[in-house]
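Visitor: the following comprises the amino acid sequence and a computationally predicted model.
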Amino acid sequence: MKLEADKISRPDWVKWLEEQHTQSLSHTLGMRVESYDPEAVVVAIDVDSRLYQPAGVVHGGVYVVMAESAASIAAALRVDLTQFLVMGMEINANHLRPARTGTLRAIARCLHEGRTTHVYHIEVLDELERKVCVSRCTVAVRPRREPLQIAEHTK
């Protein structure tokens, strides 16, 4: 289930993942990946009024999207995506403080890597590195019905 280095290089995986990102909610919100380290994936978003709820602070759903995105990317880096799909299965989040400005970063770290599920702890930090949200996300790992031909997508 692990990525085999002789099949597809890490840069090719990252290139493929970035191409998929352009067609996602994360891209629509302006989220970017700052670290593709499977031990600590980091996604970031610059706060602006598009992300606000009516009270003028970042909507809690933004934190959840950041958390699940970071966890899903981390899981994608831990499996052979030609053979397996990864997708969020369960997520919870505790919003700790409001954010109104700056850059938010979500850092996902693996707590459990099983055959069919991974569990991640995610912290969303503001630009002063204060926790604005903590989350736990379970990611399902399922076999693909047909193998993905990733080489075709990375040329």
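Guide: Perfect, thanks for sending it.
Visitor: remind me what the helix ranked longest in the chain packs against, helices and strands.
Guide: Looking across the chain with DSSP state H, the single longest helix is helix 60-78. On a contact count with 3 or more CB pairs under 8 Å, 6 or more residues apart in numbering; DSSP states H and E, helix 60-78 meets helix 10-21, helix 25-29, strand 41-46, strand 84-95, strand 103-113, strand 117-125, strand 131-143. All C-beta atoms are positioned from the backbone trio N, CA, C, and that covers glycine.
Visitor: which strands or helices does the first one pack on?
Guide: Under the contact criterion of 3+ CB pairs under 8 Å, 6+ apart, helix 10-21 touches strand 32-35, helix 60-78, helix 150-153.
Visitor: need the contact list for the residue lying closest to Leu25 once chain neighbours are set aside.
Guide: Leaving out its chain neighbours, the residue that sits closest to Leu25 by CB to CB, 6 or more residues apart in numbering is Val65, at 6.3 Å. For Val65, the contacting residues are 25-26, 29, 31, taking CB atoms under 8 Å, 6 or more residues apart in numbering as the criterion.
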